[in-house]
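> Predicted model, plus sequence, below.
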Amino acid sequence: MRRTLAKAALAACAAWAAWPALAAFPDKPIKVVIGFPAGGPLDQHARLLTDRLQAVLGQPIIVDYKPGAGGSVGAEAVAKSAPDGYTLMLANTGVAVINGALYSKLPYNTQRDFVPIARTAMQPLALLVTPKLPVKNLQEFIAYAKARPGQVNYGSAGNGGISHLVPEMFKTQAGIFMVHIPYRGSAPAFTDLMGGQVQFMAESIPQAASYHKQGKVRALAVTSRERNPALPDIPTVMEAGVKDFDVVGFYGFFAPAATPKDVVARLSDAFRQVLSNPELRERMVSQGADPAFMGSEDFGRFLATETPRWDKAVKASGARMD
């Protein structure tokens, strides 16, 4: 009996001793790793959240760039970091759910090596055509492409990215055939779309809306379930007659696997507080990312449904990276 009581007392003391460490989280700066160069959409998203996140958590947030291999270099670095909540990853759709199907040798597995912290945004795209094309809406474009199988080209920012895979998914749903022309980034693809060298493209809303309003490209539809405030007069793909087409990218934060549940909950709630700010939400929309908070468990379930969907799109596209 005495030994049992002694063990119980020691266990209670150990638990009490551990409690302040958890309760004090965070007590030093937190690093957010981005697997892409500074200045891109993920960087803009991170910096938009950083100031308010620092205020909620009471510690500095440091953004660290580790570009390479479609975000894989940064993801591997975070996966190998201590699971203590002080090193996080901000990932997009590609890093979280596309790379697993795209790369033959990937140094990480999202579901095995990370715990989801929070989904922070969804990023719809616009389906665009060159103004040189004699079509005014999506159904006219589908009819135009069906009458010219293999004669319509679409540009993308590169093989295996979302601007490549969304048109592939659209091709399947609409029953058309287009030829993929990959570019090194969206800028040269846009140049050729405006010039008519390619006829079709899927691109994130801010840039698409800007060029559409200038008359340099023509937006036919947006890929989200609801219309986008930046293009209020442009219908969704489903409104335009293509059933069940709801395809958007997302941004989310992750921590290394085995990060304590208390820490995950603290971080997840911090993002919930940050994303409830009306001014921040407006600024996110202006950047083309719709506020879409999802806590850790719900984000995990979301990833479980998104992963096979994008796996299928990658396989259908034939894209492969080594």
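Here it is on my side, so go on. Numbering: from 1, shown residues only.

> From now on I want contacts and neighbour counts done on CA atoms only, so please keep to that.
Will do.

> tell me which element residue 220 is part of?
Element membership of residue 220 [criterion: DSSP states H and E] is strand 218-222.

> buried set for that strand?
The neighbour-count criterion (16 or more other CA atoms under 10 Å) identifies 218-222 as the buried residues of strand 218-222.

> And those residues, which is closest to residue 122?
When the buried residues of strand 218-222 are compared for distance to residue 122, the smallest value, 12.9 Å, is given by residue 222; criterion: CA to CA.

> residues in contact with the closest one?
Under the criterion of CA atoms under 8 Å, 6 or more residues apart in numbering, the contact list for residue 222 reads 124-127, 228, 234-237.

> Put together TSV for those, with secondary structure, pLDDT and distance to residue 46 on each row.
As requested, the contacts of residue 222 are arranged in TSV below (DSSP: H, G, I helix; E, B strand; the rest coil; pLDDT from 0 to 100; distance: CA to CA, whole Å):
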residue	secondary structure	pLDDT	distance to residue 46
124	coil	91	18
125	strand	93	20
126	strand	96	23
127	strand	98	26
228	coil	89	22
234	coil	96	29
235	coil	97	30
236	strand	97	28
237	coil	97	29
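
> neighbour-wise, which of those leads?
When these are compared by neighbour count (other CA atoms under 10 Å), residue 126 ends up highest, at 30 neighbours.

> partner residues bridging that residue?
According to DSSP bridges, the residues that bridge with residue 126 are residue 203, residue 222.

> Give me the distance between it and residue 284.
Distance of residue 126 to residue 284, given as CA to CA, to the nearest Å: 17 Å.

> again, but for residue 66
In this structure, residue 66 lies at 24 Å from residue 284, with CA to CA as the measure.

> ditto for residue 189
Taking CA to CA as the criterion, residue 189 is separated from residue 284 by 25 Å.

> So for those two, which sits in the more crowded spot?
residue 189 (24 against 20).

> unless I'm mixing things up, the more buried one is touching residue 195, no?
No. Taking CA atoms under 8 Å as the contact criterion, residue 189 and residue 195 are not neighbours in contact, 9.9 Å apart.

> Averaged pLDDT, the strand or helix carrying residue 31. What do you get?
Element membership of residue 31, judged by DSSP H and E, is strand 30-34. Per-residue pLDDT values over strand 30-34 give a mean of 98.

> Skip ahead from that strand and say which helix or strand is next.
Counting by DSSP H and E, the next helix or strand C-terminal to strand 30-34 is helix 41-57.

> Just the residues contacting that following helix, thanks.
With contact meaning CA under 8 Å, 6+ apart, helix 41-57 is reached by 26, 34, 36-37, 60-61, 63, 90-92, 251, 270-271, 273-274, 280, 284.

> Tell me how far that helix lies from the chain's centre.
Centroid displacement of helix 41-57 relative to its chain, using CA atoms, centre = their mean, to the nearest Å, is 16 Å.

> what do you get for stretch 264-275?
Between the mean C-alpha point of stretch 264-275 and the mean C-alpha point of its chain there is a distance of 18 Å (CA atoms, centre = their mean).

> which residues touch residue 173?
Shown in contact with residue 173 (CA under 8 Å, 6+ apart): 242-243, 245.
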